[in-house]
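Trainee: take this sequence and fold it.
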Amino acid sequence: MQDKIAKLNEKIDALQEKLSINAAALDEKRSATKEQIDADINTARENVETTKEHIKASADKVKGEAAEEVGKVRAGIEAAKQKIADKKEAIDQARLERYIDDVSDYAASCLETAALAIGEAKLATLEAIAAQMEYDEKYGA
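Mentor: The predicted structure is shown next:
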């Protein structure tokens with residue numbers, strides 16, 4: 001059991017490190033060329049798809065409310081992405097400005113969702129640690 005908790009802590013640490021690296025990389029991208037940004041977009045899409053597959057595989061293993069909540073979040077993200085995709089064919093300045101606003105709002109929502117997921121992961125890890133302590137106390141380790 002303690003191995004699982006240790007692995008959860010490692011995943012949280014890795015995610016926090018990745019978030020800080022991504023933030024720094026995004027700052028650098030402000031001066032990148034269109035071709036570089038397009039290549040980064042393609043790479044990011046591939047990474048998102050790989051992550052979705054990993055999450056789906058993990059969610060299949062998880063039972064109950066946790067899997068249901070993950071499904072709800074993913075459904076919300078997919079609905080927002082579809083709305084944005086519908087607007088992507090912007091042909092005039094006003095539409096393109098709305099598209100930029102929508103994509104920026106979507107990015108902000110993703111960040112909020114990630115922050116929530118990190119918080120939930122931390123809470124679940126702490127609860128697992130507390131349960132492990134209680135187990136050790138009751139049944140000896």
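
Trainee: residue contacts, the residue most central in space within the chain?
Mentor: Per Cα atoms, centre = their mean, the C-alpha nearest to the average position across the chain is that of Ala114, at 4.5 Å. When contacts are counted by Cβ atoms under 8 Å, 6 or more residues apart in numbering, Ala114 touches Leu19. In short, each C-beta sits where N, CA and C put it, glycine included.

Trainee: could you pull up phi and psi at it?
Mentor: Ala114 has phi and psi values of phi -60, psi -40 when expressed as degrees, to the nearest 10.

Trainee: from Glu35, how far off is it?
Mentor: Here the criterion is Cβ to Cβ, to the nearest Å. By it, Ala114 lies 28 Å from Glu35.

Trainee: repeat that for Ile84.
Mentor: Remark: distance between Ile84 and Glu35 (Cβ to Cβ) = 22 Å.

Trainee: who has more neighbours, the two?
Mentor: Neighbours were tallied for Ile84 and for Glu35 using other Cβ atoms under 10 Å; the higher tally belongs to Ile84 (14 against 8).

Trainee: test my guess that the more buried one contacts Ser104.
Mentor: No: taking contact to mean Cβ atoms under 8 Å, the distance of 10.4 Å between Ile84 and Ser104 leaves them out of contact.

Trainee: neighbours around Val11, how many?
Mentor: To be clear, residue 11 is Lys; Val isn't right here. 12.
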